[in-house]
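Visitor: Need coordinates for the below:
(4 chains)
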Protein chains: 2
Amino acid sequence: MTSPPPPGRREAIIQTATVLFARDGYAAVGMRSIAAAVGIRASSLYHHFPSKVDLLHAVCEVATAAFISAQLPELERPGSPAERLGHVLREHVLYFHEHRLEETVGRRELAALQQQAPALFDEIQATRRGYQRALQDVIEAGVAAGEFDVEDANLATLALLGLVNSVNTWFQEDGPDSIEAVADAFVAMGVGRLLAGPLAASPTVPSAAAAAAAGPVSRSRPARGRGSPA
Amino acid sequence: MTSPPPPGRREAIIQTATVLFARDGYAAVGMRSIAAAVGIRASSLYHHFPSKVDLLHAVCEVATAAFISAQLPELERPGSPAERLGHVLREHVLYFHEHRLEETVGRRELAALQQQAPALFDEIQATRRGYQRALQDVIEAGVAAGEFDVEDANLATLALLGLVNSVNTWFQEDGPDSIEAVADAFVAMGVGRLLAGPLAASPTVPSAAAAAAAGPVSRSRPARGRGSPA
DNA sequence: TCGGCTTCCTAACGAACGTTCGATACCCTG
DNA sequence: CAGGGTATCGAACGTTCGTTAGGAAGCCGA
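Guide: Below you'll find the model as predicted:
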């Protein structure tokens, strides 16, 4: 009765669960719903994951690992701190948009994982902190190089992450701007202005941010409105 | 058996539900848990709210109304656009911290409300958009007055909201800075730098942001680390 | 004192929950 | 062709879910 051996059943389950968790929330999605969307029965899920919370962990772990392994190499590129930071933050925005379902789960349901499986949560949290730490290192390098004027590198890192992470809460595909244009604009605001303060004139913030700022951002004043955070 | 007439039963239920929803999520909290925390039985809840989703709506509505009625008057104060914007954003950060449980629910569970009761969701969403619109008006006034150098006021508004809203995701009471210091720092970064670009020298960004920037922000480099977003 | 209103109760409804069990069909190795 | 492993199934477990029904206790105005 089981005609095909599973090509990537485990991965298919994770992918399906990601979509459902992102849409309805972890607690509101039943094992039977996930199984039905995959095309099997609920009991069969337990041959791939020992429990529901382990499935959530797998979803979060895969999402985190994919993000980190995509982003960290971008920080190793050559260039000034401002160029490297601008580049990685631009990729950050684009990645968060492309994988917005995974990141929605990773954000909204990490609390559930923390309560129900603290060990699994800590492991994921440590990975994310590594990324934050790497960003802060680049900022501090930029300060040392005179490119940035930052009082508190840790606060500046958190501000930048707040900036780029917020895009997913309001961006809509059919809005006035492409995600690339938004990414460019946010990098220009974050790196070109927030980090390089009024003290730094244009020459000290070179190509990356400058090019982004000159990019195709909302040429004609957009038709009002992109959605709302609060 | 019911000794006291309820002094503010309805309000007590909303408050209790807020705490539980914020901690465990709407879907993971049962009516029996809420009732037990209030000190009554689950069926008694239905004399105050017709259903669970109406209770969620009440939580979100009260939280939204309180936030808006606290913040909008702050925008009516006298002063330059930069002063008014800096002040309201500072209060925004402080309010979000003080009422972080309500805002957690308002943020995390608004999606659940949207799916299960679109009409109630729209009503709340409209209120929040009014706040965003009011912020954008002040930014545009600042551009007209030459205080701000902003390409796209809508994008700048969203960037500022992303900035201030993100504080709640990592701030911890026992961290290196007080919430007031963080609010000052974020206002300085957001208004003093992000909006007032490299073109604007110090004189065009007057007292509010400047005073905030000079505020007591992390005098001795903080002992590394405040938590992690992603 | 009476009747109604409000508030809470106990009890129960059917449905859905996460999970376990034992059996069955397929596949690969010997 | 035998045998073990893998993946799935149907059925059922005890529990919890949101919600409803009907009744009892207190209050208040008539």
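
Visitor: Enumerate every residue touching the spatially most central residue of chain A.
Guide: By CA atoms, centre = their mean, the mean C-alpha position of chain A lies nearest to A:Phe96, the distance being 3.9 Å. Neighbouring residues of A:Phe96 by CB atoms under 8 Å, 6 or more residues apart in numbering or on different chains: A:103, A:164-165, A:167-168. C-beta: built from backbone N, CA, C; applies to glycine.

Visitor: how close does it sit to B:Ile14?
Guide: To B:Ile14, A:Phe96 is 34 Å away according to CB to CB, to the nearest Å.

Visitor: A:Asp174 now?
Guide: 36 Å.

Visitor: quick one, phi psi at the closest residue to DNA strand C within chain A?
Guide: Closest residue of chain A to DNA strand C, CB to the nearest atom of the strand: A:Gly30 (2.6 Å). Torsion angles at A:Gly30 (phi, psi; degrees, to the nearest 10) stand at phi -90, psi 160.

Visitor: now do A:Asp174
Guide: Torsion angles, degrees, to the nearest 10, at A:Asp174: phi -90, psi 20.

Visitor: So what's the residue count around it?
Guide: A:Asp174 has 4 neighbours, counted by other CB atoms under 10 Å in any protein chain shown.

Visitor: go on, A:Ala28?
Guide: Counted with other CB under 10 Å, A:Ala28 comes out at 17.

Visitor: ok, now which ones touch it?
Guide: B:27, B:112.

Visitor: How much space separates it from B:Glu173?
Guide: Going from A:Ala28 to B:Glu173 by CB to CB gives 31 Å.

Visitor: what does A:Arg193 give?
Guide: In this view, A:Arg193 and B:Glu173 are 30 Å apart by CB to CB.

Visitor: the more surrounded of the two?
Guide: Taking other CB under 10 Å, A:Arg193 and B:Glu173 do not tie; A:Arg193 has more neighbours (26 against 7).

Visitor: Hmm, the more buried one is touching B:Val191, no?
Guide: No: using CB atoms under 8 Å, A:Arg193 makes no contact with B:Val191, being 11.2 Å away.

Visitor: Tell me which stretches of chain A form helices.
Guide: All helices of chain A, identified by DSSP state H, fall at A:9-24, A:31-38, A:42-45, A:52-75, A:81-98, A:100-108, A:110-116, A:118-144, A:153-170, A:179-187, A:207-213.

Visitor: Report the helix or strand with the lowest average pLDDT across chain A.
Guide: Every helix and strand of chain A was ranked by mean pLDDT, DSSP states H and E. The lowest is helix A:207-213, at a mean of 41.

Visitor: got a list of what A:Ala112 touches?
Guide: Contacts of A:Ala112 were listed using CB under 8 Å, 6+ apart, and they are A:26-27, A:53, A:56, B:24-25, B:28.

Visitor: Reformat those residues into a markdown table and put pLDDT and distance to A:Ala153 next to each item.
Guide: Converted to a markdown table, those look like this (pLDDT from 0 to 100; distance: CB to CB, whole Å):
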| residue | pLDDT | distance to A:Ala153 |
| --- | --- | --- |
| A:Tyr26 | 98 | 34 |
| A:Ala27 | 97 | 37 |
| A:Val53 | 97 | 36 |
| A:Leu56 | 98 | 33 |
| B:Asp24 | 96 | 35 |
| B:Gly25 | 97 | 34 |
| B:Ala28 | 97 | 37 |
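
Visitor: so which of those residues would you say is closest to A:Leu20?
Guide: Nearest to A:Leu20 out of the contacts of A:Ala112 is A:Tyr26 (CB to CB; 9.0 Å).

Visitor: now the closest one, nearest residue through space, not along the chain?
Guide: A:Glu109 (4.4 Å; CB to CB, 6 or more residues apart in numbering or on different chains).

Visitor: thinking that neighbour is in contact with A:Leu56, fair?
Guide: Yes: using CB under 8 Å, A:Glu109 is in contact with A:Leu56, at 6.1 Å.

Visitor: Find the residues that touch each one of the two.
Guide: The contact sets of A:Glu109 and A:Leu56 overlap at A:21, A:26 (CB under 8 Å, 6+ apart).

Visitor: Between these two, point out the one with more neighbours.
Guide: Neighbours around A:Glu109 and A:Leu56, counted as other CB under 10 Å, are more numerous at A:Leu56. The numbers are 25 against 20.

Visitor: who's in contact with that one?
Guide: Shown in contact with A:Leu56 (CB under 8 Å, 6+ apart): A:17, A:21, A:26, A:105, A:109, A:112-113.

Visitor: The residue nearest to the centre of chain A and B:Thr169, how far apart?
Guide: Distance of A:Phe96 to B:Thr169, computed by CB to CB: 14 Å.

Visitor: OK, contacts around A:Arg108?
Guide: If you count contacts by CB under 8 Å, 6+ apart, A:Arg108 has them with A:22, A:25-26, B:108.

Visitor: if you set the cut-off to 7 Å instead, what comes out?
Guide: Contact analysis of A:Arg108 by CB atoms under 7 Å, 6 or more residues apart in numbering or on different chains lists A:25, B:108.

Visitor: Check the one 5 residues further on too.
Guide: The neighbours of A:Leu113, taking CB under 7 Å, 6+ apart as the test, are A:56-57, A:60, A:120-121.

Visitor: how much space is there between it and A:Tyr26?
Guide: According to CB to CB, A:Leu113 stands 8 Å off from A:Tyr26.

Visitor: do the same with A:Asp177
Guide: For A:Asp177, the distance to A:Tyr26 equals 32 Å [CB to CB].

Visitor: More neighbours: which of those two?
Guide: Set A:Asp177 next to A:Tyr26 and count neighbours by other CB under 10 Å: A:Tyr26 wins out with 26 against 21.

Visitor: low-scoring pLDDT stretches of chain A, where are they?
Guide: For chain A, applying pLDDT under 70 flags the ranges A:1-5, A:197-230.

Visitor: Swap in 80 and give it another go.
Guide: A:1-7, A:197-230 (pLDDT under 80).

Visitor: A:Gln115: what's its closest spatial neighbour, skipping adjacent residues?
Guide: Per CB to CB, 6+ apart, closest to A:Gln115 is B:Asp24, 7.4 Å.

Visitor: correct me, but A:Ile139 touches A:Asp152?
Guide: No: A:Ile139 is beyond contact range of A:Asp152, at 10.0 Å (criterion: CB atoms under 7 Å).

Visitor: What's the separation between A:Ile139 and B:Glu91?
Guide: Per CB to CB, A:Ile139 is found 28 Å from B:Glu91.

Visitor: of these two, who's got more company?
Guide: Neighbour tally, A:Ile139 and B:Glu91, criterion other CB under 10 Å: the higher count belongs to A:Ile139, 22 against 18.

Visitor: Enumerate every residue touching that one.
Guide: Taking CB under 7 Å, 6+ apart, we find A:Ile139 in contact with A:85, A:148, A:150, A:153, A:156-157, A:195.
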